[in-house]
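In: Next input, structure requested:
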Amino acid sequence: MNKKQSNQAYLIGIASCIFISSACLLILEIAASRLLAPYIGASLYTWTAIIGVILAGLSIGNWIGGYGAERGHADRNSAYALIACSLFTLGIPYLLIHTAEFLQTGNFTLLESSLIYVVVLFSIPALLLGIVTPLLTTMALDCSNFPGRIVGGMHALAALGSIVGTFAAGFWLIPWLGTRWVVFTTGV
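Out: Numbers count the residues shown, from 1 in each chain. As a prediction, this is how the structure comes out:
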């Protein structure tokens, strides 16, 4: 394999990871509404908390990932972020039970409960997945002479992954596997 083919394979691997991690984040977002519905319903407050917290975590993660990309070791740090996200995601059902116990003993409004559930269960996975794209994009920039195409392409793949994750979760994965299995599969 020559250097050009090697770079293409490397870029495909990076692009695939960005696409899949972005899809996983939106799969978790759709699953969040189903996990929380038995506890707080599927109200405007619930959806607002889910979308807002996921976007906040993603934004903070993007900032941390961008900062981390300047410091080096993007490959290792993106792997650590993905592993940590996987472990945290696998713990969501456990955290849900304990968060529900806590919230049921308190006198919380629906708005407060919605925010607490979503922050506890989904802010960390959103933050960790947000770290990945800037780190991997920086790695992709190292093997291309077209930085604009790389940055634009990686952002487009992240958005496309999010779109595919949304439709896959809502139309296929959750109806077929169930919400808890979708969360487990996403974590794996």
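In: contacts and neighbour counts: CA atoms only from here.
Out: Noted.
In: Tell me which stretches of the chain form helices.
Out: Secondary structure of the chain (DSSP state H): helices at 3-40, 44-71, 74-90, 92-105, 110-141, 147-168, 174-177, 179-187.
In: so what's the residue most central in space within the chain closest to, chain neighbours aside?
Out: Nearest to the geometric centre of the chain sits Leu25, at 2.8 Å (Cα atoms, centre = their mean). Excluding its sequence neighbours, the residue lying closest to Leu25 (Cα to Cα, 6 or more residues apart in numbering) is Ala126, at 6.4 Å.
In: Contacts for stretch 87-103, please.
Out: Stretch 87-103 is contacted from outside by 39, 113, 117, 120-122, 124-125, 180, 183-184, 186-188, using Cα atoms under 8 Å, 6 or more residues apart in numbering.
In: Then stretch 67-84?
Out: By Cα under 8 Å, 6+ apart, stretch 67-84 touches 128-129, 131-132, 134-136, 138-139.
In: would you list the residues you listed in a markdown table and tack on distance to Asn7, pLDDT and neighbour count?
Out: Formatted as a markdown table, those follow (distance: Cα to Cα, whole Å; pLDDT from 0 to 100; neighbours: other Cα atoms under 10 Å):
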| residue | distance to Asn7 | pLDDT | neighbour count |
| --- | --- | --- | --- |
| Leu128 | 26 | 97 | 28 |
| Leu129 | 24 | 96 | 25 |
| Ile131 | 23 | 97 | 29 |
| Val132 | 19 | 96 | 30 |
| Pro134 | 18 | 96 | 26 |
| Leu135 | 17 | 96 | 28 |
| Leu136 | 14 | 96 | 25 |
| Thr138 | 14 | 94 | 21 |
| Met139 | 11 | 93 | 19 |
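In: low-confidence ranges in this protein?
Out: Scanning the chain for pLDDT under 70 picks out 1-5.
In: Spatially, which two of the contacts of stretch 87-103 are the most separated?
Out: Ser113 and Val188 (28.0 Å; Cα to Cα).
In: And the two? Which one has more around it.
Out: Ser113 (22 against 12; other Cα atoms under 10 Å).
In: so who does that one touch?
Out: 40, 103.
In: returning to what we had before: pick the most deeply packed of the helices of the chain.
Out: helix 110-141 (a mean of 23; mean count of other Cα atoms under 10 Å).
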